[in-house]
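>>> here is my input; please provide its structure:
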Amino acid sequence: MGLTIAGTSHKQATPLVPMSWLDWSHDGDEYIGGEYRVRLLAPRRWEILHRDSHLAYDPSLRSALAEAEHHHIERLRLHDLKVWGAVLAASILLSGIVELTSRTIDMWAVPILAVALYAGTSAVVRLFAAATRNRFDPYRRRAPWEPRAWWKG
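Next up is the predicted model:
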């Protein structure tokens, strides 16, 4: 949902940030979206704050909102890289532990190795998707406005 100009009805409202990752709201000279705040300090001087710490200055409102959106998207991407890297490391560690503890392929080791193989393979694919920023990769994080798969509702 994009930010709308104050004083307009819902039918006439024009979104300032179409297809936004953050749900922006307007409060005086400030625009608040998630953990971000964009406020007017002086004419043509907008300050971008993230968790009440200074992020950047920008000459226009639109570019300040776009900068906050970009920062948010990059934070999500870095989070995905950390999570999928940890899943990959955990699956390698789990399969290594199972290999060291069992001298032969035991019945208890087969399901654990299958789970580790699935989790590791899935993590490699998703880690690659987050690292390359490929917009056509089916394993990337979906934007809020993009349609979900039919089985996810």
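
>>> low pLDDT regions in this structure?
For the chain, the stretches flagged by pLDDT under 70 are 1-17, 104-105, 150, 152-153.

>>> check which helices and strands the biggest helix by length in it sits against.
Secondary structure assigned by DSSP state H gives helix 61-101 as the longest helix of the chain. Applying 3 or more C-beta pairs under 8 Å, 6 or more residues apart in numbering; DSSP states H and E, we find helix 61-101 packed against strand 30-33, strand 36-42, strand 45-50, strand 53-58, helix 109-132. Any C-beta I mention is one placed from the backbone N, CA and C, and that applies to glycine too.

>>> give me the angle between that helix and helix 109-132.
150 degrees (axes from the mean of the first three to the mean of the last three C-alpha atoms, to 10 degrees).

>>> who does Glu30 bridge with?
Beta-bridge pairing of Glu30 under DSSP bridges involves Asp27, Arg39.

>>> for it, give me its contacts.
By C-beta atoms under 8 Å, 6 or more residues apart in numbering, Glu30 lies in contact with Arg37, Val38, Arg39, Leu40.

>>> just the buried ones from those?
By neighbour count, with 16 or more other C-beta atoms under 10 Å, these hold Arg37, Val38, Arg39 as buried.

>>> test my guess that the last one contacts Arg45.
This means Arg39. No. In this structure Arg39 lies outside contact range of Arg45 using C-beta atoms under 8 Å: 9.8 Å.

>>> ok and the longest helix of the chain relative to strand 36-42, angle-wise?
Using the same axes, to 10 degrees: helix 61-101 against strand 36-42 is 150 degrees.

>>> which parts of stretch 137-149 are buried?
Arg140.

>>> touching it from outside, list them.
Residues contacting stretch 137-149 (C-beta under 8 Å, 6+ apart): 19-21, 76-77, 80, 125-126, 128-130, 133-134.
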